[in-house]
Structures are given as C-alpha cells and as structure tokens.
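[1] Let me see the structure of the following:
(2 chains)
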2 protein chains.
Amino acid sequence: MRFTSEQRLDDDVLEREFTLGEVPGILWTPGSASAPAPLILLGHPGGLRKMYPRLAARARHSVAEGYAAATIELPGCGDRPRSAAADAARADLRRALAAGEPVDEIVDRLVLPLVDQAVPEWRAALDALLALPGIGGPVGFAGGVIAVGIRLAVVEPRIAAAVLFAGSFVPRSMFEEARQVTIPLLVLLQWDDEGNDRQLALDVFDAFGSQEKTLHANMGGHTGVPQFEGDAGNRFFDRHLK
Amino acid sequence: MRFTSEQRLDDDVLEREFTLGEVPGILWTPGSASAPAPLILLGHPGGLRKMYPRLAARARHSVAEGYAAATIELPGCGDRPRSAAADAARADLRRALAAGEPVDEIVDRLVLPLVDQAVPEWRAALDALLALPGIGGPVGFAGGVIAVGIRLAVVEPRIAAAVLFAGSFVPRSMFEEARQVTIPLLVLLQWDDEGNDRQLALDVFDAFGSQEKTLHANMGGHTGVPQFEGDAGNRFFDRHLK
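    Residues are numbered from 1 along each chain as shown, chains lettered A, B, ... in the order given. The predicted structure follows:
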C-alpha cells in the first residue's frame, strides 16, 4: 500500500489516497491520534472520481462517529483498465431494460466476473488497512454493489456487520450465497429506484440467513437515500462494531 | 376527563389513569414540571391490562425523550362492554385463518366498525389531553391497530406524524384512505408475523400518499419488534414533532 496524497479536511478528518498494486483507494481517519478505530469499508457502484462527493460525505459522517472509513476502485471502473466484456454487458443491460426484455443472463455476465475480481481486492485492502496504526477491527461493509457485499459477508470473517444498498442487480445464482450470510444486516431499499427491481430486492432480503436483518425502505429514486439513513447506519454499526 | 389513579414511577414518570366518559385511558408525563411536551398517542390492539407492560415501557421511553404519552382502551376490549358482532367476527377470523380461507369479508366486519367507533374516541381524548397543562402539540400516533392510525392520520389534522405497526389486517376499502395520508410515516413490519399477511402490509405501505414514508422490516413474529426500533421511533418523532 502506497499513499499518493494526503489532505486534512476542515472537520479534522485526514483523507489519504493510496494505491494497492494497480488498485486506487481512499482512506479517511480521525485527524488526531486516537485509539484504534473500527473500520468501515465503503462500497459503491464504481468510479471513485464521480462518486467522490457522496463517498467523502459518508466517510466524514463515519469518522465523526469514531470510525475509520476506506474504499477502493472497482475493476474496470474509473481510471482502471476497462473490460470490453463488462462494457458490452452494460450496453446490453441498458438496451434490455429499455426494451423491457429479461436481463438475468446479462446480469450474470456483468456482475459475476465483477464480484469474482473485486472481492479478493477488497480482502487485500483489508489486510493492508488493518496493518496501519490507528485502525482496528471489527470491520463493517457499507454500500453496494450489493453482490460484492454479499460475497464479502460470506467469505471474509473479519466483516462483522454490513449495511447493504439494494440498488443493483443480483445474479440469481447468488441467492444461495445470500442464504449463507449470517452477520447482522441493515438493507437500504429505495422504493421507487428507477434502475432496480423492487421485488428482487425484497426477495434478496428474504433470502439472507442472518438472524438480525432489518430492511429500511424509503421513497424516491436511486440516489435519493435520505440523510437520516446515514445516522441509522452509524447506530447500526455502533451496536455491532463498538 | 376524570383522573382515577396516580403513581410516580421510579424514573420520575407520572402515570395517571383516567376515564373519559365510558373510555378508560392512561397518561404518562414527566414527573417534574417542564415546558409543554409534544404528545404521542400510543395505539394498541385492545386490552389495556394485558398490554400494560409493553405500553408502559414504550411510554417511559418516550417520556425520557421529552414527550408525553397517552392511550385509551379500544371499543369492545378490556373492561369495556363486549360487542357480540366483533366477538363473532374474531372467532370467524381465527377459523378462516386456520382453514386457509379468504378473510376479506370478515376483516371488513371486524375492523371497519372498530375504526368508526374508536377514531372519534381518540379525537375526544386528544381534545381533553391537549387542554391539560404541560401537554402541547404537535401530536404523534404510534402503534396499531394500523387501520385506526390510517383513519386518524386522514381525519385529525393535529396528528403531524405517525409510527404505524403493520401487524393487523386492513380492509381493502381502506386503501383509498391510505392514499389520502400525507403526514410523515414510519411503518414497522415484522417480516415473519404469524398473524399477518406480508404482501398486504407492503401494499399498504406502497399506497400511503406521504412524501416521507419509511418502512422498517425486522425478523421475527408479531411481538418481536426489536428494542432499537423504539429509539428509531423517537428519532423519527424528534424530526417531526420538535
């Protein structure tokens, strides 16, 4: 892990960009030295530059509550080398959605390789981040792509709780993985998400094997998650990570 | 309104039983004089004595956060005169549910007269409670019977926000009323509620006309609402009543 830039934000949050091999990422920690903070991994749909304002807002909210927060770029997104297969699948998905055609096969082609490549990268980032001073376990995952969150929750024992955004497609074959998830979950669903299937999201929530799982559904579209859900997420992590 | 008993609970909450005409009720207020507190009406499925432990716990939680809380007995429940028609409908409902038969007509017979009688009683209680010193508006409603909450939210302009328990049947004819609800709502759904229809609850949530409506679904049966939802309800009311 190599730090490539560092700035102190005005609420005394230290923001550091890093690269881990080929993968760029960002780490937010308290500006002043403190006891090791539990770490929250911030998931997102890909494109760190485009997502930066929302990611930084979520990170600063978490740091204010005593957490460290970090994220990495997804494969084939942002400044990372594109994948011709993923780009073709994305175009096919847009076409199929516009035409009202079934998307299951396209979702498999788009999401399964993404999950297969991204999850080992998140785990490697976790190794590097937990080796830094000031960052401790347990670890939470917050965000999307929900399929990445599901796989991480199944294979990565250091993740103790997750806030999952039900705002992207889940391959049917991953329902079996969802049943294997046992950590506490808070699932956020935008009721009128234009790019998502509400019933699919409810089915995924139903499938999770966790004894404590809570669904928060709010009005509005994909990017309309109300601000108070940030507080709700922090309180959920407070119960499970502190 | 006539107070019939008064006791000071150990967390400095003043609990007073009252009657308003034929209708018994309970009022919980801060033990020490303070600025007028916003009032939360605590809905329930009927039977104040049986429900007392849970109602008192919810009330004390609310008073600790700066609210007054009050509830009244439902028609035909607890110590109030039984209704032969309602008792027959309840028995029919149990039979139909056990046999897996349709219940729409029975739900109409059971719930619609209850709503018609209960809602004017809650409004009369509101008149009397808001005339007391130390109790001010705005007013919240929290609990069930959800059909009572829906009607109250439509007809009673003093109710500014509601936490509704999606744990009882809603007559199909009340979906039109649900569309007329415009106040902020937090709807609690027990995902595995043995006595309720999950899809019906999701349909009711979808029908509400409110711009701000949030669904919190948790695991477990009818009485298994997690304790942290009490905190979530108070924070919801803090946003809208304070």
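
[2] Could you tell me the angle between the host helix or strand of residue A:205 and helix B:198-207?
    Using DSSP states H and E, residue A:205 maps to helix A:198-207. Following axes from the mean of the first three to the mean of the last three Cα atoms, to 10 degrees, one obtains 130 degrees for the angle between helix A:198-207 and helix B:198-207.

[3] Report the distance from the helix or strand that comes right after helix A:198-207 to the chain centre.
    Following helix A:198-207 in sequence order, the next helix or strand is strand A:213-218 (DSSP H and E). With Cα atoms, centre = their mean, to the nearest Å as the basis, strand A:213-218 stands 16 Å off its chain's centre.

[4] And the contacts of whichever helix or strand comes after strand A:213-218?
    Following strand A:213-218 in sequence order, the next helix or strand is helix A:228-241 (DSSP H and E). For helix A:228-241, contacts defined as Cβ atoms under 8 Å, 6 or more residues apart in numbering or on different chains pick out A:38, A:40, A:58, A:61-62, A:65, A:67, A:138-140, A:142, A:160-161, A:163, A:183-184, A:186, A:188, A:214, A:216, A:218, B:228, B:231-232, B:235, B:239. C-betas here are computed from N, CA, C, even on glycine.

[5] For ChimeraX, write a command that selects the buried ones of the residues you listed.
    Selection of the buried residues among the contacts of helix A:228-241 in ChimeraX, burial being defined by 16 or more other Cβ atoms under 10 Å in any protein chain shown:
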select /A:38,40,58,61,62,65,67,138,139,140,142,160,161,163,183,184,186,188,214,216,218 /B:228,232
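
[6] distance of the residue lying farthest from the centre of chain A from chain B?
    Using Cα atoms, centre = their mean, the residue of chain A lying farthest from its centre is residue A:99. It sits 29.0 Å away. Separation of residue A:99 from chain B (Cβ to the nearest Cβ, to the nearest Å): 26 Å.

[7] go on, residue A:165?
    Residue A:165 sits at a distance of 15 Å from chain B (criterion: Cβ to the nearest Cβ).

[8] Identify the residue spatially nearest to that residue, adjacent ones excluded.
    residue A:144 (4.2 Å; Cβ to Cβ, 6 or more residues apart in numbering or on different chains).

[9] Now for the most centrally placed residue in chain A: which residues touch it?
    Nearest to the geometric centre of chain A sits residue A:43, at 1.7 Å (Cα atoms, centre = their mean). By Cβ under 8 Å, 6+ apart, the contact list for residue A:43 reads A:71, A:141-145, A:148-149, A:165.

[10] now do residue A:25
    A:17-19, A:48, A:70-73, A:125.

[11] so it, which of the three states?
    Following DSSP: H, G, I helix; E, B strand; the rest coil, we place residue A:25 in the strand state.

[12] Mind pulling up the pLDDT for it?
    pLDDT for residue A:25: 98.

[13] what pairs with it across the strands?
    On the basis of DSSP bridges, residue A:25 is bridged to residue A:18, residue A:72.

[14] Report the separation between it and chain B.
    Taking Cβ to the nearest Cβ as the measure, residue A:25 falls 32 Å from chain B.

[15] How about residue A:80?
    Between residue A:80 and chain B the computed distance is 36 Å (Cβ to the nearest Cβ).

[16] Phi, psi for that residue please.
    phi -80, psi 160 (degrees, to the nearest 10).

[17] Confirm for me that it is in contact with residue A:47.
    No. With contact defined as Cβ atoms under 8 Å, residue A:80 does not count as touching residue A:47 (9.9 Å).

[18] neighbour count winner among those two?
    residue A:80 (17 against 14; other Cβ atoms under 10 Å in any protein chain shown).

[19] Would you enumerate the residues in contact with the more buried one?
    Per Cβ under 8 Å, 6+ apart, neighbours of residue A:80: A:22-24, A:73-74.

[20] Write out the residues of chain A neighbouring chain B.
    A:191, A:202, A:205-206, A:210-219, A:226, A:228, A:231-232, A:235, A:239 (Cβ under 8 Å from any Cβ of the partner chain).

[21] just checking, what packs against the helix ranked longest in chain A?
    Longest helix in chain A by number of residues (criterion: DSSP state H): helix A:104-130. Secondary-structure packing of helix A:104-130 (3 or more Cβ pairs under 8 Å, 6 or more residues apart in numbering or on different chains; DSSP states H and E): strand A:13-20, strand A:23-30, strand A:37-42, strand A:68-72, helix A:84-99, strand A:135-143, helix A:146-155.

[22] what's the average pLDDT for that helix?
    Confidence for helix A:104-130, expressed as mean pLDDT, is 97.

[23] what about the residue lying closest to the residue nearest to the centre of chain A once chain neighbours are set aside, neighbour count?
    Take residue A:43 and drop its neighbours on the chain: the residue closest to it by Cβ to Cβ, 6+ apart is residue A:143, 3.0 Å away. Residues lying near residue A:143 (other Cβ under 10 Å) number 25.

[24] quick one: residue A:143 and residue A:42 touch, right?
    Yes. Here residue A:143 reaches residue A:42: they are 5.4 Å apart, a contact under Cβ under 8 Å.

[25] Common neighbours of the two, please.
    Common neighbours of residue A:143 and residue A:42 (Cβ under 8 Å, 6+ apart) are residue A:58.

[26] Just the buried residues of stretch A:109-125, please?
    A:109-111, A:113-115, A:118-119, A:121-122, A:125.

[27] Output it as CSV, restricted to C-alpha atoms.
    Provided in CSV are the C-alpha atoms of stretch A:109-125 (Å, rounded to 0.1, in the frame of the first residue of the first chain):
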residue,chain,number,x,y,z
ARG,A,109,-22.3,-11.7,-17.4
LEU,A,110,-21.9,-8.3,-15.8
VAL,A,111,-21.9,-9.0,-12.1
LEU,A,112,-20.4,-12.4,-11.5
PRO,A,113,-17.0,-11.6,-13.0
LEU,A,114,-17.0,-8.2,-11.2
VAL,A,115,-17.6,-10.0,-7.8
ASP,A,116,-15.0,-12.6,-8.6
GLN,A,117,-12.4,-10.0,-9.3
ALA,A,118,-13.4,-7.3,-6.7
VAL,A,119,-13.8,-9.4,-3.6
PRO,A,120,-10.1,-10.6,-3.4
GLU,A,121,-9.1,-6.9,-4.0
TRP,A,122,-11.3,-5.8,-1.0
ARG,A,123,-9.8,-8.5,1.1
ALA,A,124,-6.2,-7.5,0.2
ALA,A,125,-7.1,-3.9,1.0
